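# predicted model and sequence below, questions to follow.
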Amino acid sequence: MVAKNITNSFKYALRGLTDTYVNERNFRIHTWVSFVVLIAGIFFGVTIKEWIIIVLVITMVLILELMNTVVERIIDILKPKIHEYVRVIKDITAAAVLVASISAVVIGLIIFYPYVISIFD
C-alpha cells in the first residue's frame, strides 16, 4: 500500500511538471536555459562546489516558477471577483521569479567567467 502511494505521488508530481512545461512558456524557457547551463558546466568541468551552487540556483528558479504558476492559476479561478490585490499578488509572485532569475544570472557569471576567460588566454 505504501509503495502504491509513493508511486502515485511521483506520478502526480510528474504530471504537474509536464502540465507546467506544456502550458507555461516561462517555465520552458527556464528549463532550456538550465540545460544549457548544465551542458556548460560539463564542458568547462566546474568543481563540485560550483555544481552544488548551480543545481541549487536552478532548483530555486524552477520552484519559484512553479509556485508562481500555482498562484496565477488559483487567482484565475477567482477571476470573476477581481480585486486590486489580485494584480498585486500576481506582480509580487512574478517579481520573486525575476529576482531569482537575476540572481541566477549573476551567480552564473561569477562561476563561468573565469572558465570563459581562460579559453582566450
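Yes, it's here.

# so, low pLDDT: which residues of this protein?
Applying pLDDT under 70 to the chain picks out residues 1-3, 80.

# let's see it at 80
Applying pLDDT under 80 to the chain flags residues 1-4, 79-84, 121.

# just checking, what packs against the helix or strand encompassing residue 38?
Following DSSP states H and E, one finds residue 38 within helix 25-44. Under the contact definition 3 or more Cβ pairs under 8 Å, 6 or more residues apart in numbering; DSSP states H and E, helix 25-44 sits against helix 2-23, helix 48-77, helix 84-119. To be clear about C-beta, it is placed using only N, CA and C from the backbone, and glycine gets the same treatment.

# the same query, at a cut-off of 6 Å, please.
Helix 25-44 sits against helix 2-23, helix 48-77, with contacts defined as 3 or more Cβ pairs under 6 Å, 6 or more residues apart in numbering; DSSP states H and E.

# which of those helices sits most buried?
Mean neighbours per residue, mean count of other Cβ atoms under 10 Å, is largest over the helices and strands packed on helix 25-44 for helix 48-77, with a mean of 15.
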